[in-house]
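Novice: what follows is a protein structure lacking sequence information:
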RNA sequence: GUCCCCUUCGUCUAGUGGUCAGGACUCGGGAUUUUCGAUCCCGCAACAGGGGUUCGACUCCCCUAGGGGACGCCA
């Protein structure tokens, strides 16, 4: 059977890095097995609903290339894909559970619950549960007569439906990532399944939906691990077969704390030991989507023995992914590795593909680009040493306009008393070149150096400074070829006039 | 507090009884006499601790410590 996986976020705000990884793993597992990747919106908490959160989510998935096969946008045979539109379905199953004795109505008010907890709270038991030990003293359909219950229901008294967790049972299951996990039923509370507002809780809704949507593998964060027994009991009570479970390790800040949006003002000025959990921040900063995907994929997964690749495209990941190779331990999100991967992915992108993006970036920086052909050659020269796409503007501006200033440190170090003379000689030589190619330029320069009894660097460095204004960049001769003879000569002459004055 | 999960270089990790414990990022050094945050090479750096099991443990078991998660009419 082809697997069906789902990413089931709740739209309570921004898209978390950990959430994106959960989506990624669900996607990768489904695609690796020729299965179906489903998006389901878990919006059953009306009080936490955030305007625009669903749109954010959809955008982020789209950006990352994790397109669902079924979901709110695509539709599908198992919709609706918003849980808020499925309340009657959940209610039906909840009633069924009550009828079969697996669940019961409870009329306890929040005050009643607080009183109960207050009463039971102790050092040994700081968080009393609503469970088999207390449900006999509470206001519910187990302690009330049928008539009373019927009365309250008819009156519309606020009530919830709770799961009746049996005593003295142990729930055991196999998690693909963690192996066998067991938990005693005495540790589980009588979970609310339907809230007094008529909406289901996550626990009921996810079980019902996963079954109805024929989800085969539940891949989600570790925070759900301890509620699996409840879900298992639900599957059993409903007479359903539970899906395979896989609980992913968490992702943390460099200092080991939980990633929190509250810690962050800006990505460029992160608090010590913290990292931004909001995927949108990374998109905004201009990270390559492949780099983000690559990075978070490696946070908890690796291709295994003998395969020491670090750089993966989404397709590579689809081909290699397996849940068996997902790590158990939590990982720390390392921005340095992300930055390195970002540079790798820029290098890996074909120059033609880079073209429109670079053009946009240059335009945003106020740099006029006249010829795509020219831009293509510039990108070819630069992309190997760019860490961010924005670097094309910062470090490539001189390809489009003459330098207005010269790096003082480079000037001090590289500009000698004979530089003017040598550069003007150099100009005389290169104007004769036809065609104006890197190799021809190099020969001319080497010849001149020999003739003048100086090392090549004596000319190379001042030329670079004169032409680009900086001390770093691509190989000089390739750079000059792309710039063209006219530009090179013009810039050298300008520099020969301006720099001596700067040097003093 | 209870229950559950986790623990190899600073970080991400390989490793499933016998390895000089491997790779990657970061950092340091060297090379490239054309720079560089590019490239290549080299280097620093780890099995949390204690018991077992075994001829032999990073690998299996137990305990301790540390970290994390859950304990809501939130997901």
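Specialist: Noted; the coordinates are in hand. These numbers come from a predicted model, not from an experiment.
Novice: only C-alpha atoms for contact and neighbour calcs from this point on.
Specialist: Fine.
Novice: which stretch of helix or strand covers the residue of the stretch 351-500 of chain A found nearest RNA strand B?
Specialist: Proximity of the stretch 351-500 of chain A to RNA strand B (CA to the nearest atom of the strand) peaks at residue A:472, 2.8 Å away. If you go by DSSP states H and E, residue A:472 is not part of any helix or strand.
Novice: distance check, it against residue A:419.
Specialist: In this structure, residue A:472 and residue A:419 are 18 Å apart, going by CA to CA, to the nearest Å.
Novice: do residue A:238 as well
Specialist: 86 Å.
Novice: could you grab the helix/strand/coil label for the spatially closest residue to residue A:312 that is not a sequence neighbour?
Specialist: Once flanking residues are discounted, residue A:312 sits nearest to residue A:294: 5.8 Å by CA to CA, 6 or more residues apart in numbering. What DSSP: H, G, I helix; E, B strand; the rest coil gives for residue A:294 is helix.
Novice: run through the residues that contact residue A:294.
Specialist: Shown in contact with residue A:294 (CA atoms under 8 Å, 6 or more residues apart in numbering): A:311-314, A:341.
Novice: what residues does the stretch 201-350 of chain A put near RNA strand B?
Specialist: Contacts of the stretch 201-350 of chain A with RNA strand B, taken as CA under 7 Å from any atom of the strand, map to A:201-203, A:222-227, A:250, A:254, A:256-258, A:298-302, A:304-306, A:308-310, A:325-334, A:336-337, A:340.
Novice: need the contacts of residue A:294 in TSV (columns: pLDDT, neighbour count and distance to residue A:96).
Specialist: Output for the contacts of residue A:294, formatted as TSV (pLDDT from 0 to 100; neighbours: other CA atoms under 10 Å; distance: CA to CA, whole Å):
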residue	pLDDT	neighbour count	distance to residue A:96
A:311	96	18	51
A:312	97	20	48
A:313	96	15	47
A:314	97	19	44
A:341	97	24	52
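Novice: among those residues, name the ones in helices.
Specialist: A:314, A:341 (DSSP state H).
Novice: what's the most distant pair in the contacts of residue A:294?
Specialist: Using CA to CA, those span at most 13.4 Å, a distance reached by A:314 and A:341.
Novice: need the pLDDT of the closest residue to residue A:48 other than its chain neighbours.
Specialist: In space, residue A:48 comes closest to residue A:12 once its chain neighbours are excluded; the distance is 5.8 Å by CA to CA, 6+ apart. The confidence metric pLDDT takes the value 86 at residue A:12.
Novice: same deal with the one 3 residues further on?
Specialist: Taken from the predicted model, the pLDDT recorded for residue A:15 is 93.
Novice: contacting residues around it?
Specialist: Residues near residue A:15 by CA under 8 Å, 6+ apart: A:56-57, A:60, A:277-280.
Novice: any idea how far it is from RNA strand B?
Specialist: Separation of residue A:15 from RNA strand B (CA to the nearest atom of the strand, to the nearest Å): 12 Å.
Novice: can you confirm residue A:220 is in a helix?
Specialist: No. Assigned with three-state DSSP, residue A:220 falls outside any helix and is strand.
Novice: picking up where we left off before, just the contacts of residue A:294 now: which is nearest residue A:245?
Specialist: Once CA to CA is applied, the member of the contacts of residue A:294 that ends up nearest residue A:245 is residue A:314, at 23.7 Å.
Novice: which helix or strand contains residue A:232?
Specialist: helix A:228-238.
Novice: what about residue A:213, how many neighbours?
Specialist: Using other CA atoms under 10 Å, residue A:213 is surrounded by 19 other residues.
Novice: any idea how far it is from RNA strand B?
Specialist: Per CA to the nearest atom of the strand, residue A:213 is found 16 Å from RNA strand B.
Novice: what sits against that residue?
Specialist: Counting by CA under 8 Å, 6+ apart, residue A:213 touches residue A:78.
Novice: kindly state the pLDDT recorded for it?
Specialist: With respect to pLDDT, residue A:213 scores 98.
Novice: again, but for the one 5 residues further on
Specialist: According to the prediction, residue A:218 has pLDDT 98.
Novice: one more: the one 3 residues further on?
Specialist: For residue A:221, the pLDDT comes out at 96.
Novice: cool, the one 4 residues further on as well?
Specialist: Taken from the predicted model, the pLDDT recorded for residue A:225 is 96.
Novice: from what I see, it and residue A:247 are in contact.
Specialist: Yes. Applying CA atoms under 8 Å, one finds residue A:225 in contact with residue A:247, separated by 6.4 Å.
Novice: these two: who's more crowded?
Specialist: Taking other CA under 10 Å, residue A:225 and residue A:247 do not tie; residue A:247 has more neighbours (22 against 16).
Novice: can you tell me what sits against the host helix or strand of the more buried one?
Specialist: For residue A:247, the host element (DSSP H and E) is strand A:244-248. Under the criterion CA under 8 Å, 6+ apart, residues A:22, A:174-178, A:216-222, A:224-225, A:323, A:326-328 lie in contact with strand A:244-248.
Novice: list only buried entries from these.
Specialist: With neighbours counted by 16 or more other CA atoms under 10 Å, the contacts of strand A:244-248 contain buried members at A:22, A:175-178, A:216-222, A:225, A:323, A:326-328.
Novice: quick one: the residue nearest to residue A:312 from RNA strand B, how far?
Specialist: Residue A:294 sits 10 Å away from RNA strand B, taking CA to the nearest atom of the strand as the criterion.
Novice: swap in residue A:286?
Specialist: Distance, residue A:286 to RNA strand B, using CA to the nearest atom of the strand: 14 Å.
Novice: before we move on, back to that, now, the residues of the stretch 201-350 of chain A next to RNA strand B that are in helices?
Specialist: A:202-203, A:298, A:336-337, A:340.
Novice: in the stretch 1-150 of chain A, which residue sits nearest RNA strand B?
Specialist: Minimum separation of the stretch 1-150 of chain A from RNA strand B (CA to the nearest atom of the strand) falls at residue A:124, amounting to 3.6 Å.
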